[in-house]
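**Q** this one's structure only:
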(Lines give C-alpha, C1' and ligand atoms only; values in the text may rest on other atoms or scores of the structure.)
Protein backbone atom coordinates (compact mmCIF):
# COMPACT_ATOMS: atom_id res chain seq x y z
CA UNK A 1 0.00 0.00 0.00
CA UNK A 2 1.58 3.28 -1.11
CA UNK A 3 1.93 5.91 1.57
CA UNK A 4 4.47 8.40 2.89
CA UNK A 5 6.62 6.80 5.61
CA UNK A 6 9.40 9.39 5.98
CA UNK A 7 10.13 11.83 8.83
CA UNK A 8 7.00 13.86 9.63
CA UNK A 9 8.46 16.56 11.86
CA UNK A 10 10.95 17.50 9.14
CA UNK A 11 8.09 17.98 6.66
CA UNK A 12 6.09 20.01 9.19
CA UNK A 13 9.13 22.26 9.78
CA UNK A 14 9.51 22.73 6.04
CA UNK A 15 6.02 24.24 5.86
CA UNK A 16 6.23 25.95 9.28
CA UNK A 17 2.98 24.23 10.27
CA UNK A 18 2.19 21.13 12.34
CA UNK A 19 0.34 19.59 9.39
CA UNK A 20 0.42 16.07 10.87
CA UNK A 21 -1.24 17.13 14.14
CA UNK A 22 0.27 17.79 17.57
CA UNK A 23 4.02 17.33 17.52
CA UNK A 24 6.27 18.12 20.49
CA UNK A 25 9.40 17.97 18.34
CA UNK A 26 7.92 20.57 15.98
CA UNK A 27 7.06 22.86 18.89
CA UNK A 28 10.66 22.72 20.07
CA UNK A 29 12.12 23.45 16.64
CA UNK A 30 9.51 25.31 14.58
CA UNK A 31 12.06 26.64 12.11
CA UNK A 32 13.06 25.21 8.70
CA UNK A 33 15.10 21.96 8.66
CA UNK A 34 18.70 21.89 7.53
CA UNK A 35 22.17 22.46 8.91
CA UNK A 36 21.77 26.19 9.46
CA UNK A 37 18.11 26.22 10.45
CA UNK A 38 16.81 29.71 11.07
CA UNK A 39 20.10 31.40 10.17
CA UNK A 40 20.06 30.20 6.58
CA UNK A 41 19.37 33.03 4.17
CA UNK A 42 16.42 32.38 1.94
CA UNK A 43 15.77 34.59 -1.04
CA UNK A 44 12.33 35.40 -2.30
CA UNK A 45 10.61 32.27 -3.61
CA UNK A 46 9.59 32.13 -7.25
CA UNK A 47 5.91 31.88 -8.16
CA UNK A 48 6.41 28.24 -9.15
CA UNK A 49 8.11 27.42 -5.84
CA UNK A 50 5.19 28.90 -3.88
CA UNK A 51 2.63 26.98 -5.95
CA UNK A 52 4.57 23.72 -5.67
CA UNK A 53 4.96 24.12 -1.90
CA UNK A 54 1.21 24.58 -1.51
CA UNK A 55 0.51 21.42 -3.51
CA UNK A 56 3.04 19.46 -1.46
CA UNK A 57 1.49 20.75 1.77
CA UNK A 58 -1.98 19.58 0.64
CA UNK A 59 -0.59 16.16 -0.33
CA UNK A 60 1.17 15.62 2.98
CA UNK A 61 -1.77 16.97 5.00
CA UNK A 62 -4.19 14.43 3.54
CA UNK A 63 -1.63 11.65 3.11
CA UNK A 64 -2.02 11.37 -0.66
CA UNK A 65 0.79 10.51 -3.07
CA UNK A 66 1.48 12.32 -6.35
CA UNK A 67 -0.44 10.19 -8.85
CA UNK A 68 -3.52 9.93 -6.61
CA UNK A 69 -3.50 13.69 -5.99
CA UNK A 70 -3.15 14.39 -9.71
CA UNK A 71 -6.12 12.10 -10.41
CA UNK A 72 -8.16 13.88 -7.74
CA UNK A 73 -7.33 17.22 -9.36
CA UNK A 74 -8.46 15.89 -12.75
CA UNK A 75 -11.74 14.76 -11.18
CA UNK A 76 -12.20 18.16 -9.52
CA UNK A 77 -11.42 19.95 -12.77
CA UNK A 78 -14.13 18.02 -14.60
CA UNK A 79 -16.73 18.55 -11.87
CA UNK A 80 -19.02 21.59 -11.77
CA UNK A 81 -18.03 24.32 -9.32
CA UNK A 82 -14.77 26.01 -8.34
CA UNK A 83 -11.97 23.53 -9.04
CA UNK A 84 -9.86 24.33 -5.96
CA UNK A 85 -12.81 24.03 -3.58
CA UNK A 86 -14.00 20.79 -5.19
CA UNK A 87 -10.46 19.38 -4.83
CA UNK A 88 -10.44 20.04 -1.07
CA UNK A 89 -13.96 18.61 -0.77
CA UNK A 90 -12.85 15.41 -2.50
CA UNK A 91 -9.94 15.16 -0.04
CA UNK A 92 -12.37 15.64 2.86
CA UNK A 93 -14.64 12.88 1.50
CA UNK A 94 -11.89 10.25 1.67
CA UNK A 95 -12.84 7.57 4.20
CA UNK A 96 -9.55 7.81 6.13
CA UNK A 97 -10.13 11.56 6.55
CA UNK A 98 -13.76 11.09 7.65
CA UNK A 99 -12.63 8.53 10.27
CA UNK A 100 -10.11 11.12 11.52
CA UNK A 101 -12.71 13.93 11.55
CA UNK A 102 -15.14 11.77 13.53
CA UNK A 103 -12.46 11.28 16.19
CA UNK A 104 -12.21 7.50 15.72
CA UNK A 105 -8.48 7.94 14.98
CA UNK A 106 -6.16 10.67 16.34
CA UNK A 107 -4.51 11.27 12.95
CA UNK A 108 -5.28 10.70 9.27
CA UNK A 109 -2.58 8.03 9.05
CA UNK A 110 -4.22 6.34 12.04
CA UNK A 111 -7.55 6.53 10.22
CA UNK A 112 -5.92 5.00 7.15
CA UNK A 113 -4.63 2.10 9.24
CA UNK A 114 -8.02 1.43 10.87
CA UNK A 115 -9.69 1.37 7.46
CA UNK A 116 -7.02 -0.88 5.92
CA UNK A 117 -7.27 -3.33 8.84
CA UNK A 118 -11.04 -3.67 8.32
CA UNK A 119 -12.19 -1.97 11.53
CA UNK A 120 -14.53 0.48 9.77
CA UNK A 121 -17.89 -0.03 8.08
CA UNK A 122 -19.83 2.19 5.69
CA UNK A 123 -23.60 1.68 5.60
CA UNK A 124 -23.15 -1.64 7.42
CA UNK A 125 -20.50 -3.14 5.13
CA UNK A 126 -16.76 -3.32 5.80
CA UNK A 127 -14.72 -0.98 3.57
CA UNK A 128 -10.94 -1.34 3.64
CA UNK A 129 -10.05 1.26 0.99
CA UNK A 130 -8.77 4.50 2.61
CA UNK A 131 -9.47 6.54 -0.55
CA UNK A 132 -13.13 5.43 -0.68
CA UNK A 133 -15.28 8.51 -1.33
CA UNK A 134 -17.92 8.95 1.37
CA UNK A 135 -21.19 10.48 0.14
CA UNK A 136 -23.71 12.64 2.02
CA UNK A 137 -26.00 10.39 4.06
CA UNK A 138 -23.44 7.58 4.42
CA UNK A 139 -23.16 6.05 7.90
CA UNK A 140 -19.59 5.40 9.01
CA UNK A 141 -19.15 3.18 12.05
CA UNK A 142 -16.66 1.13 14.02
CA UNK A 143 -17.10 -2.60 13.33
CA UNK A 144 -18.80 -4.44 16.21
CA UNK A 145 -15.73 -6.57 17.02
CA UNK A 146 -13.49 -3.49 17.07
CA UNK A 147 -15.52 -1.22 19.37
CA UNK A 148 -13.51 -2.11 22.48
CA UNK A 149 -10.11 -1.46 20.89
CA UNK A 150 -7.96 0.69 23.17
CA UNK A 151 -6.67 2.91 20.35
CA UNK A 152 -10.24 3.77 19.30
CA UNK A 153 -11.47 4.30 22.88
CA UNK A 154 -8.50 6.56 23.61
CA UNK A 155 -8.96 8.61 20.44
CA UNK A 156 -12.69 9.14 21.04
CA UNK A 157 -12.03 10.14 24.66
CA UNK A 158 -9.56 12.82 23.52
CA UNK A 159 -11.55 14.04 20.49
CA UNK A 160 -12.19 17.77 20.90
CA UNK A 161 -13.31 18.96 17.48
CA UNK A 162 -16.91 19.14 16.30
CA UNK A 163 -17.58 19.57 12.59
CA UNK A 164 -20.84 20.89 11.17
CA UNK A 165 -20.98 18.39 8.31
CA UNK A 166 -20.61 15.31 10.53
CA UNK A 167 -22.74 13.83 13.33
CA UNK A 168 -21.36 11.29 15.81
CA UNK A 169 -23.02 9.00 18.38
CA UNK A 170 -20.50 7.86 20.95
CA UNK A 171 -22.81 5.18 22.38
CA UNK A 172 -23.26 3.32 19.10
CA UNK A 173 -19.85 4.42 17.78
CA UNK A 174 -21.27 5.48 14.46
CA UNK A 175 -21.64 8.78 12.66
CA UNK A 176 -23.22 10.25 9.57
CA UNK A 177 -21.50 12.21 6.84
CA UNK A 178 -24.32 14.74 6.57
CA UNK A 179 -23.07 16.95 3.75
CA UNK A 180 -20.02 17.88 1.69
CA UNK A 181 -18.30 20.71 3.63
CA UNK A 182 -17.98 24.18 2.16
CA UNK A 183 -14.50 25.71 1.86
CA UNK A 184 -15.08 28.08 4.80
CA UNK A 185 -15.88 25.07 7.03
CA UNK A 186 -12.66 23.21 6.23
CA UNK A 187 -10.03 24.29 8.79
CA UNK A 188 -6.94 23.33 6.78
CA UNK A 189 -4.68 26.26 5.89
CA UNK A 190 -4.29 25.46 2.19
CA UNK A 191 -4.37 28.04 -0.61
CA UNK A 192 -6.11 26.01 -3.31
CA UNK A 193 -5.72 28.81 -5.87
CA UNK A 194 -1.96 28.18 -6.00
CA UNK A 195 -2.59 24.47 -6.65
CA UNK A 196 -5.00 25.26 -9.50
CA UNK A 197 -2.48 27.69 -11.02
CA UNK A 198 0.26 25.04 -10.83
CA UNK A 199 -1.79 22.38 -12.61
CA UNK A 200 -3.02 24.92 -15.18
CA UNK A 201 0.48 25.59 -16.50
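**A** Thanks, I have the structure now. This one's a predicted model, so the numbers in the text were calculated from it and none came from an experiment. Residues are numbered from 1 along each chain as shown.
**Q** residue 71 and residue 177, how far apart?
**A** Separation of residue 71 from residue 177 (CB to CB, to the nearest Å): 21 Å. Using the backbone N, CA and C atoms, a C-beta is placed for each residue, glycine as well.
**Q** look at the two and report which has more neighbours.
**A** Of the pair residue 71 and residue 177, residue 177 is the one with more neighbours under other CB atoms under 10 Å, namely 24 against 13.
**Q** wait, isn't that one in contact with residue 138?
**A** Yes: applying CB atoms under 8 Å, one finds residue 177 in contact with residue 138, separated by 4.9 Å.
**Q** quick one, helices of this structure?
**A** Here the chain has its helices, by DSSP state H, at 8-15, 24-28, 47-62, 66-78, 83-92, 95-101, 108-116, 150-158, 192-199.
**Q** same list (the ones you listed) but as a markdown table, adding distance to residue 122.
**A** Formatted as a markdown table, these follow (distance: least, CB to CB, whole Å):
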| stretch | distance to residue 122 |
| --- | --- |
| helix 8-15 | 28 |
| helix 24-28 | 33 |
| helix 47-62 | 19 |
| helix 66-78 | 19 |
| helix 83-92 | 15 |
| helix 95-101 | 7 |
| helix 108-116 | 10 |
| helix 150-158 | 16 |
| helix 192-199 | 27 |
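**Q** deepest of those, which one?
**A** helix 95-101 (a mean of 25; mean count of other CB atoms under 10 Å).
**Q** now it: average pLDDT?
**A** Across helix 95-101, pLDDT averages out at 97.
**Q** now stretch 139-157
**A** On average, stretch 139-157 scores 95.
**Q** tell me how far the ends of that stretch are from each other?
**A** Length of stretch 139-157, first residue to last, CA to CA, to the nearest Å: 21 Å.
**Q** which outside residues touch stretch 140-156?
**A** 95, 98-99, 102-106, 110, 114, 118-122, 124, 126, 134, 170, 172-177 (CB atoms under 8 Å, 6 or more residues apart in numbering).
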